[in-house]
Structure formats: C-alpha cells, structure tokens
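A.B. asks: I'll drop the sequence and a predicted model, then ask my questions.
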Amino acid sequence: PPPRALPARKPRAVPASKLKALQWVKLPPNKVKGTIFEKFAPTYAGLDIDYKDIEEKFSAAVIAKKTQGAAGGEDDGKPKVMQILDSKKTQALSIFLSQFKALKYEDIAAGIDHIDTKMFTLDQIKVLNQQLPSREEWHHITDFLGTGDRKALEKQLGPAELFTDALYSAVPHVDVRLQFFLLKLSFDTRKADIKPDVETLKKAAKQVKDSAKFAKLIELVLELGNFLNFGTPRAGYGAFQLSTLAKLGDTKTADNASTLMHYIVELLEQRAPDLLNLDDMPDVAPACRLSLQTITADMNNLQKDFARVEAAIASNQDDTKFAQTAAPFMSRLKSDLEQIQRNFKDMETEFASAVTYYGEDPKSSQPDEFFGIFHKFDESIQETKKAAKMAAENAEKNKRREEAKHKREADMENALAQDIVLSFAPGSGHGESANVARSSERHRRRRRADQPAQEWQHVRCTESPADEPGQGRNGGATDCQAARWRLHAAPDRHEIEIGPPLSPVRPIQFCFLAFLSCIVGCCSWRRY
C-alpha cells in the first residue's frame, strides 16, 4: 500500500492579507516515515507568536506598490506571477506550450492520455519527457491552489505550473504514458537506423569471403612476395596478414621510379584487366564507415527502453485503458525487436567467420578497420591505374612535342640550305638579290603547279642547245645531283629550277652542299 501521508497542518492564526511566501520543498510522503515530523502534534503548541507582527513585517503590500502604474500610481490590475517550478523547466515548458496556442491545457493533456501521434511530434514528446515536473513538484502546485480561492490563485500561476496541474490531473501515470509515447514515436526511426547497418555488415562479410577476384589478387601478392624475398628469412611464406596490402606501395623499384603496386597494376592491365575492379564487393565501401560499437549501443538502448516501458505497464495493471491501448503496439514492437536481434547475431557470426577466414582475430577486429583494408586496397588500385594512365598520356604528349620540335629544326635547316643554293645560282649575283631569287623561285613553283605533272629527279647542269649533251662550258661533266638543281636552256639566259624540298640535312652534308654551290657559282661566273 502507498505510504500514509501526514495530515495537513494549519497555523493557529490566519493572515488577513497576502504575505510573502516561503519557497520551501515538501518532503514526499514515502520519506516521512521514521522522521522527526511524525512526532509533531497536528497543531503547534510551542512558543507564543505575535502573528500580527509577522503580518506587518512580511506583508506583500510592497510588491503591490511596485506593480502600480508609473503615471497615476494606481495598480495596473495584473496579478503577481507565482513561480513554483525551477526556471529551466519553466522555460522549456513555455516553449513547448507556445506550439499549441490554439489548444487549452486540458486538450493537450487529453492528447497525451490518448497517445495521439498526429498531435505531437517526436521532438515535442522528447522535450516533455525530459522536462516533465516531478509528482512532488505537482504537489507543491496543488498545495498552493488549495490555500484559498482556486480561480483567483490560478491567475497567479504561470503557464508551466497550470499545464503541469492539468497534465497530472487528467493523465494517470503520466510518466509511463510519456515513456510509451516516446518509444512508439521513435521505434520505427531507430529500427530503420539499425536494420540497414546490420544488413550492410552482414552482406559485406559474405562478399569479402566469397570474392573470387580478391582471392586471385591475394594469391598474386603471395607469389610476388615470395619471389622478391627469395633467399631471405622472409621467403617461403604460405600466408600473410592483410595489413601487408597497404605496404605494396612502399616496395620501390631499383630506380625508385615505381613501386610494386604499380607493377601489379601494369601486370593486371596486360594479363587480367577484369581483376582491376573489385565489383563483386559492393557493400565493402559503406561497411568500412560503420561502427560495430555504435550499432551495439543502439541495440542495447532500444532493448532497455522496451524493457522499461514493458515493466512500467505491467506495474500499473489498474490502468486498464492504457494497457489495452499499448498492448498491440508492444506486441508488434517485441516481434520486430526479436527479428533485429536475430539479424544482429547472424551478422556477428558472419563477420567473425570472414575475419577468421583471412587469419585475423575476431575479438579484436572491428568492421571499420577490417573492411577498410579491402576498401583502401581497391582505392589504391584505382589511384595507381589512374596515375599510370596520366603518365602514359603525358609521355605521348612529350613525344609528339619532341617530334614537332625536330621537324621544325629540320625545316629550318632545309630552308637555310635552299637559300644558300639560291644565293650561288646563275643570275643571283647579277642585278638580282637573294630575296628576288627566292621570289622568282616561288613564282616558278606556282607556275609549274599549273602545268602537267613532271617527274622531279637529280639532273646534270646543262647549258645551251649548242652544247654537247653532258658537256659543260669547260668541256667536262658537271653532275650536280647533291645540289638538286637543273638548268633549262633559254634563248638569252639560264634559269635554275629547284626540285622537291630537301630531306633533313646533316651538318657534314650541309657543308658539302655549300662547297658544291661555290663551284657551280664560279663556273657560271667565268662563262660570263
């Protein structure tokens, strides 16, 4: 049975006016038993007290003067607000009530009593559950309202105190109601947070265990490692820890220009390009961002909240209406919670099996660390592949740039050689500068392009039609193939015709060309 409360005590005298109140805290009935208060008589029989003196000294008239209007000095008619709850709860409840300005306090309390999920949101019920005044604080409010005219005293209370009185008066076991209400509104969201994470870890564990591609990569690394370590104490290994995969980039080539990871990627691109993409482990990337400790804590908190509400409902069998309202939801919640627990255990089993499968310790391994090894290895492959592709593209660009540079240099050498040949050609030194000779040459090229195509070839220098074939002015053969020119007979002058563009000229060839050009120029000069 509930503890018997002490009878209400009344003072020997009653004040004629309102006095300043003593802000004390009532001792709950369950804590009174065995205390000194049980020894006191219902009516005070101690010292002789001058109650009129107390009334004069502790009169609330001073406060009434402070509330008078500034202009006329008259009372503005607003009663003094009595604050019984602490300021933190008063502020929180005031903010809560400001969201229901169109509703009376009794209507808000009725919505909580009926577990109206359309009236309240999860955040609202969470705030109310956290800032709910205790039953003892409610007793302080009822004690104050019982000291006189209730309607008049209600005007002296703030919204937080009035709502607290309405809530406890209309809703039996309001604390149990709010706990159930909070669980009902938050369960689906919390289940939606836990369930997919558990499924992701479970699928990721199965994928890393069944991945054929990763198994081939592990075997390749094992082979390369034993080959590189041959003849050392680290040779002949039959297995290695997964952490080794992160060290493949640390083993550099002899010239320090590449690494073992680069070699593996190049080898796979040539021999097995399908192994460059570990697409048979799609859930590894999201799994490495999950924390098993967080999921376990969420599971435990959900179970504790369910057990606490279930026990609270069971301890209040007298509230049959609430028990009937809560029973269907609690039954469904229990079934869903059991299903989540089964999935969680299956995930733990699958994860432990995958960890053991790769030689790691299931007791010390966490999903974010374990799956992170696979994810980082895959990222390393992709980054190395991307870097190799960029390096190949840069090399191709550099190659084309060098080829263009060599071509420009060769063209410049050819142009210079042609200018030298033209400068020593017949007619170039007699009233016609080198620039004129080059202009004439370009003109003859355009003119020749309009005529039928003729085969360009290395020919001998010829003179006039009267000369014998193959004979120059000096009676000897003047074969000028290296200079690649030929002379066409004309009635009154000789013209030089330049053949196709010269091939790239080496320095020694350039000197030889210049030498031949000098000889040809001298022969032509002597004739004139």
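C.D. replies: Sure, I can see it. Keep in mind it's a predicted model, so treat the numbers as computed, not measured.
A.B. asks: Could you use CA atoms for every contact and neighbour count after this?
C.D. replies: Will do.
A.B. asks: Can you list the low-confidence ranges for the chain?
C.D. replies: Applying pLDDT under 70 to the chain flags the ranges 1-10, 12, 18-32, 34-51, 53-80, 421-512, 520-528.
A.B. asks: how about the strands of it, start to end?
C.D. replies: Assigned by DSSP state E, the chain shows strands spanning 485-488, 495-498.
A.B. asks: Might one say that A204 is in contact with D283?
C.D. replies: Yes. Using Cα atoms under 8 Å, A204 is in contact with D283, at 5.0 Å.
A.B. asks: Tell me, how many residues neighbour D368?
C.D. replies: Per other Cα atoms under 10 Å, the neighbour tally for D368 reads 19.
A.B. asks: State the number of residues packed around Y168.
C.D. replies: 18.
A.B. asks: nope, A215 is what I meant
C.D. replies: By other Cα under 10 Å, neighbour count at A215 equals 13.
A.B. asks: give the contact list for E137.
C.D. replies: By Cα atoms under 8 Å, 6 or more residues apart in numbering, E137 lies in contact with I84, L85.
A.B. asks: redo that, cut-off 7 Å
C.D. replies: By Cα atoms under 7 Å, 6 or more residues apart in numbering, the contact list for E137 reads L85.
A.B. asks: Return the distance of T121 relative to F181.
C.D. replies: 10 Å (Cα to Cα, to the nearest Å).
A.B. asks: Could you check which of these two has the larger neighbour count?
C.D. replies: F181 (24 against 13).
A.B. asks: Next one: that one relative to F329, how far apart?
C.D. replies: With Cα to Cα as the criterion, F181 and F329 are 11 Å apart.
A.B. asks: With S335 instead?
C.D. replies: If you go by Cα to Cα, the gap between S335 and F329 works out to 10 Å.
A.B. asks: ok, now Q382?
C.D. replies: For Q382 relative to F329 (Cα to Cα), the value is 50 Å.
A.B. asks: Kindly report the same for A391.
C.D. replies: 63 Å.
A.B. asks: One more: H139?
C.D. replies: H139 is 32 Å from F329, by Cα to Cα.
A.B. asks: between those two, which one's more packed in?
C.D. replies: Counted by other Cα under 10 Å, H139 and F329 do not tie: H139 has more neighbours, with 16 against 13.
A.B. asks: Burial check on the nearest residue to A92 once chain neighbours are set aside, number of neighbours?
C.D. replies: Sequence neighbours aside, Q131 is the residue nearest to A92 in space, at 6.8 Å (criterion: Cα to Cα, 6 or more residues apart in numbering). By other Cα under 10 Å, 16 other residues sit near Q131.
A.B. asks: Go ahead and confirm Q131 touches S87.
C.D. replies: No. Q131 lies out of contact with S87 (Cα atoms under 7 Å); the separation is 11.1 Å.
A.B. asks: report the longest helix in this structure, please.
C.D. replies: helix 367-423 (DSSP state H).
A.B. asks: For it, name the packing helices and strands.
C.D. replies: With contacts defined as 3 or more Cα pairs under 7 Å, 6 or more residues apart in numbering; DSSP states H and E, the packing partners of helix 367-423 are helix 260-271, helix 284-287, helix 434-450, helix 507-527.
A.B. asks: repeat that for 10 Å
C.D. replies: Using 3 or more Cα pairs under 10 Å, 6 or more residues apart in numbering; DSSP states H and E, the elements in contact with helix 367-423 are helix 174-210, helix 260-271, helix 284-287, helix 292-314, helix 320-357, helix 434-450, strand 495-498, helix 507-527.
A.B. asks: Need the winner for burial among these.
C.D. replies: Of all the helices and strands packed on helix 367-423, helix 284-287 carries the top mean neighbour count, a mean of 22, counting by mean count of other Cα atoms under 10 Å.
A.B. asks: Please save the CA atoms from it in CSV.
C.D. replies: Only the C-alpha atoms of helix 284-287 are listed here, as CSV (Å, rounded to 0.1, in the frame of the first residue of the first chain):
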residue,chain,number,x,y,z
VAL,A,284,32.6,-3.1,-48.5
ALA,A,285,32.8,0.7,-49.0
PRO,A,286,29.7,1.6,-46.9
ALA,A,287,30.6,-1.1,-44.4
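A.B. asks: Show me what it is packed up against.
C.D. replies: helix 174-210, helix 367-423.
A.B. asks: Need the contact partners of that helix.
C.D. replies: Helix 284-287 is touched from outside by 197-208, 278, 367-376, 378-379, with contacts defined as Cα atoms under 10 Å, 6 or more residues apart in numbering.
A.B. asks: again with stretch 245-265
C.D. replies: 217-218, 220-221, 224-225, 228, 266-273, 275-276, 373-374, 376-377, 380-385, 387-388.
A.B. asks: First-to-last residue distance for that stretch?
C.D. replies: Using Cα to Cα, the two ends of stretch 245-265 sit 13 Å apart.
A.B. asks: Same question for stretch 346-366.
C.D. replies: By Cα to Cα, one end of stretch 346-366 lies 16 Å from the other end.
A.B. asks: What lies in contact with it?
C.D. replies: Contacts for stretch 346-366 (Cα under 10 Å, 6+ apart): 197-210, 239-242, 288, 290-293, 340-345, 367, 370-372.
A.B. asks: if we can go back for a sec, joint contacts of A204 and D283?
C.D. replies: F371.
A.B. asks: follow-up on the earlier one: just confirm the residue nearest to A92 contacts I95, I think it does.
C.D. replies: No. Q131 is not in contact with I95 according to Cα atoms under 10 Å; the separation is 11.2 Å.
A.B. asks: Find residues that contact each of these two.
C.D. replies: K89.
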